[in-house]
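# Give me a model of this one.
(one chain, ligands or ions: 1)
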Amino acid sequence: MTSKPAYRIASIPGDGIGTEVVAAAIQVVEKLAKTLETFQIEFTHIPWGTAYYKQNGRYVPEDCLDILRKFDAGLFGAVGAPDVPDHISLWGLLLAIRGPLQLYANVRPVRTFPGTKCPLNTATDGIDWLLVRENSEGEYSGQGGRSHIGQPWEAATEVAMFTRVGIERIMRFAFETAQSRPKKQLTVVTKSNSMRNGMVLWDEVAAQVARGFPDVKWDKMLVDAMTVRMVANPQSIDTIVGTNLHMDILSDLAAALAGSIGVAPSSNLDPTRKNPSLFEPVHGSAFDITGKGIANPVATFWSAAEMLSWVGEKDAAAKLMLCVENVCSAGILTPDLGGTANTQGVVDAVIAEIEK
Ligand code: GGG
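Below you'll find the model as predicted:
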């Protein structure tokens with residue numbers, strides 16, 4: 001008798017609705033594992049977030065990376081609270097993990113999802129894009145400083161640091177990803193007209209890496225022009241790669257164009273698989289609806305499906321997505337999508353689909 005694979009998952013709900021959507025996802029994934037009986041999964045709760053920060057003076061313990069390395073993957077919710085500056089919470093938690101664990105590829109699939117209304121005129125087939133965000137350096141290098149604080153001539157610098165090795169590895173990942181998709185098409189986004197150092201290095205490395213992928217059609221685009229193309233000519237796009245900041249912005253735009261940020265998933269991957277990867281909804285902690293029980297859990301369900309697929313459970317991931325899509329197609333939607341269901345109502349409906 002062969003034993004079932006067993007996965008250990010770090011569950012880090014974080015702040016605000018992060019706690020609600022991660023709890024929702026754990027319910028459906030545990031139900032999926034119990035029903036399919038092909039794998040085992042164990043979630044371990046990790047309490048890092050703003051409450052932990054207020055108690056301990058830091059968002060994560062000193063040995064947080066060692067703690068995470070004991071798991072096969074992580075499922076994260078959201079970070080951010082109304083009474084803590086956003087740069088403290090983001091750097092305290094998410095950025096304290098992504099960079100040091102070298103989760104350098106942030107993958108954000110975006111497609112028109114059942115139940116969402118795509119605001120674009122995209123003929124019949126809607127949007128189906130895959131955004132690849134460089135996740136370890138660039139504008140998020142944390143380099144810079146402030147001087148003459150409080151003076152009229154106060155100054156601040158924010159240095160974007162790009163390395164050849166960092167660009168090369170994300171570019172290779174993006175070309176491989178584009179190659180695995182039916183259209184085999186990649187757009188490299190930069191701002192290499194005005195940013196004449198790092199962005200020019202991006203262009204050079206893109207051209208170099210492209211030589212190894214003759215079957216991938218690729219083009220490059222300035223980020224400002226890309227926003228126009230996403231709205232005006234969505235069918236001309238397939239896979240997109242860009243810097244940490246550019247893709248953070250473009251992926252929010254993409255999610256809104258596809259219908260809602262409430263369904264948008266995100267994978268922080270270490271493609272070398274030396275470290276556990278971290279999966280999270282694109283949305284933040286949404287304190288305006290925290291505690292009301294109406295947060296949309298679909299982005300976290302989709303992120304959990306991406307996590308199952310990454311650890312090797314592709315059939316389970318496909319089954320989960322099918323169940324979620326059936327529920328959305330049936331009109332069981334949270335208020336952000338125009339529905340009247342609450343979070344637990346969506347969970348119950350997905351569980352009922354899994355049991356069918
Ligand atoms: N679940 C995602 C989350 O909490 N995001 C907070 C945020 O501000 N993220 C910015 C980023 O991903 O760079």
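# Around the ligand, pick out the residues from the stretch 251-356 of the chain.
Contacts of the stretch 251-356 of the chain with the ligand, taken as C-beta under 6 Å from any ligand atom, map to 280-281, 283-284. Just so you know, the C-beta spots here come from the backbone N, C-alpha and C atoms, and that holds for glycine as well.
# need these in JSON lines with neighbour count, secondary structure and distance to residue 263, can you?
Output for these, formatted as JSON lines (neighbours: other C-beta atoms under 10 Å; DSSP: H, G, I helix; E, B strand; the rest coil; distance: C-beta to C-beta, whole Å):
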{"residue": "280", "neighbour count": "28", "secondary structure": "strand", "distance to residue 263": "14"}
{"residue": "281", "neighbour count": "31", "secondary structure": "strand", "distance to residue 263": "9"}
{"residue": "283", "neighbour count": "26", "secondary structure": "coil", "distance to residue 263": "9"}
{"residue": "284", "neighbour count": "19", "secondary structure": "coil", "distance to residue 263": "15"}
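# Show me which of those is closest to residue 13.
For residue 13, the closest of those turns out to be residue 280, at 10.3 Å, with distances computed as C-beta to C-beta.
# ok now do the closest one, which residues does it touch?
Residues in contact with residue 280, defined by C-beta atoms under 8 Å, 6 or more residues apart in numbering, are 75-78, 265-266, 268, 300, 303.
# Just the strands from this protein, written as ranges.
When assigned using DSSP state E, the strands of the chain occupy the ranges 6-14, 40-45, 73-78, 105-111, 128-134, 138-147, 155-161, 185-190, 217-222, 239-242, 265-269, 277-281.
# Need those strands in TSV (columns: distance to residue 95 and mean pLDDT).
Converted to TSV, those look like this (distance: least, C-beta to C-beta, whole Å; pLDDT from 0 to 100):
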stretch	distance to residue 95	mean pLDDT
strand 6-14	13	98
strand 40-45	22	98
strand 73-78	12	98
strand 105-111	12	96
strand 128-134	13	97
strand 138-147	7	96
strand 155-161	14	97
strand 185-190	21	98
strand 217-222	26	98
strand 239-242	18	98
strand 265-269	11	98
strand 277-281	12	98
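# Pipe those into TSV and attach distance to residue 179 per row.
Written out in TSV, the entries for those read as follows (distance: least, C-beta to C-beta, whole Å):
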stretch	distance to residue 179
strand 6-14	28
strand 40-45	31
strand 73-78	24
strand 105-111	14
strand 128-134	12
strand 138-147	24
strand 155-161	28
strand 185-190	9
strand 217-222	10
strand 239-242	9
strand 265-269	16
strand 277-281	20
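# Would you confirm that residue 346 contacts residue 330?
No: judged on C-beta atoms under 8 Å, residue 346 makes no contact with residue 330 at a distance of 10.6 Å.
# So which of the two has more stuff around it?
For residue 346 versus residue 330, neighbours defined as other C-beta atoms under 10 Å are more numerous around residue 346 (25 against 12).
# In contact with the more buried one, which residues are there?
For residue 346, the set of contacting residues under the criterion of C-beta under 8 Å, 6+ apart consists of 24, 296-298, 327, 332-334.
# so which pair among these is furthest apart in space?
24 and 333 (14.1 Å).
# near the ligand, which residues of this structure show up?
On the criterion C-beta under 6 Å from any ligand atom, the ligand has as its neighbours in the chain the residues 78-80, 90, 248, 280-281, 283-284.
# any idea which of the residues you listed is the one closest to residue 63?
Using C-beta to C-beta, residue 79 is the member of the residues of the chain next to the ligand that lies nearest residue 63, at 19.3 Å.
# can you pull the contacts of the closest one?
Listed by C-beta under 8 Å, 6+ apart, the contact set of residue 79 reads 14-15, 18, 49-50, 59, 89-90, 92-94, 284-285.
# What's opposite the residue of the stretch 1-150 of the chain found nearest the ligand in the beta bridge?
The stretch 1-150 of the chain approaches the ligand most closely through residue 78 (3.5 Å), counting by C-beta to the nearest ligand atom. With beta bridges defined as DSSP bridges, residue 78 has these partners: residue 14.
# how far does stretch 45-63 stretch from start to finish?
The first and final residues of stretch 45-63 sit 16 Å from each other (C-alpha to C-alpha, to the nearest Å).
# Over to stretch 231-250?
Across its full length, stretch 231-250 reaches 11 Å between end residues, using C-alpha to C-alpha.
# Residue ranges in the stretch 51-200 of the chain under the pLDDT threshold?
Segments of the stretch 51-200 of the chain classed as low confidence (criterion: pLDDT under 70) are 121-125.
# hey, where'd the helices end up in it?
Listed in chain order, the helices of the stretch 51-200 of the chain (DSSP state H, counting those that start in this stretch) span residues 64-68, 86-92, 94-98, 164-179, 198-210.
# Taking strand 128-134 as reference, get the angle to the last one.
Going back to what we said before, that points to helix 198-210. The directions of helix 198-210 and strand 128-134 differ by 120 degrees, with axes from the mean of the first three to the mean of the last three C-alpha atoms, to 10 degrees as the criterion.
# outside of helix 198-210, which residues touch it?
138, 160-162, 164, 167-168, 171-172, 175, 188, 190-192, 216, 218, 220, 243.
# For the residues of the stretch 251-356 of the chain next to the ligand, work out which two are farthest apart.
For these, with distances taken as C-beta to C-beta, the pair at the greatest spread is 280 and 284 (10.1 Å).
# what's the overlap in contacts for the two?
Each of residue 78 lies in contact with both residue 280 and residue 284 under the rule C-beta under 8 Å, 6+ apart.
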